[in-house]
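Student: Mind looking at a prediction? Sequence and model below.
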Amino acid sequence: MEVICKSSGKTRRFAAGTEAGFAIYLINKKLDTRVPLALHIEAVKEREEPIIFGQNAVLVDYGDGWKLETVMK
C-alpha cells in the first residue's frame, strides 16, 4: 500500500493489512520537525468524496484513480 505524505511529498509503502494509525505514526516519526504532522489518511479521487480512514482501519486500495494521502493540521 502506498501513502503519499502531503507534508514531505514522499510516498511511503506499507504491507497489506497495515492499520492507518500505525502508518500515521511511522510517517510522522520520519518527518522533519519544521513540517506539519499528519492527522489521518484519506483515499482521494478527483470528483469523488474522500474516504477517511480511522486509526484502526486497515489501509485499502480502492482501485483506478484512487490515491491514499495524509491530511495535515
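Tutor: Yep, that arrived.
Student: How about residue 28: what's its closest non-neighbour residue?
Tutor: Nearest residue to residue 28, sequence neighbours excluded (CB to CB, 6 or more residues apart in numbering): residue 37, at 4.9 Å. Heads up, the C-betas are built off the backbone N, CA and C, glycines and all.
Student: I'd like the distance between that neighbour and residue 13.
Tutor: Per CB to CB, to the nearest Å, residue 37 is found 20 Å from residue 13.
Student: So for those two, which residue has more residues nearby?
Tutor: residue 37 (14 against 9; other CB atoms under 10 Å).
Student: my guess is the more buried one meets residue 71, correct?
Tutor: No. Between residue 37 and residue 71 there is no contact under CB atoms under 8 Å: 10.4 Å.
Student: Following element in sequence after the helix or strand residue 23 falls within, please.
Tutor: Counting by DSSP states H and E, the element that carries residue 23 is helix 20-29. Of the helices and strands lying after helix 20-29 in sequence (DSSP H and E), the nearest is strand 38-44.
Student: ok, residue 48 to residue 62 distance?
Tutor: The gap separating residue 48 from residue 62 is 9 Å, by CB to CB.
Student: do residue 39 as well
Tutor: According to CB to CB, residue 39 stands 20 Å off from residue 62.
Student: do residue 9 as well
Tutor: With distances taken as CB to CB, residue 9 is found 22 Å from residue 62.
Student: just for this structure, where's the confidence low?
Tutor: Applying pLDDT under 70 to the chain picks out no residues at all.
Student: do that again at 90, thanks
Tutor: For the chain, the stretches with pLDDT under 90 are 32-33, 73.
Student: which residues does the closest residue to residue 20 other than its chain neighbours contact?
Tutor: Nearest non-adjacent residue to residue 20, counting by CB to CB, 6+ apart: residue 53, 3.8 Å away. Residues in contact with residue 53 (CB atoms under 8 Å, 6 or more residues apart in numbering) are 20, 40, 41, 42, 43, 59, 68.
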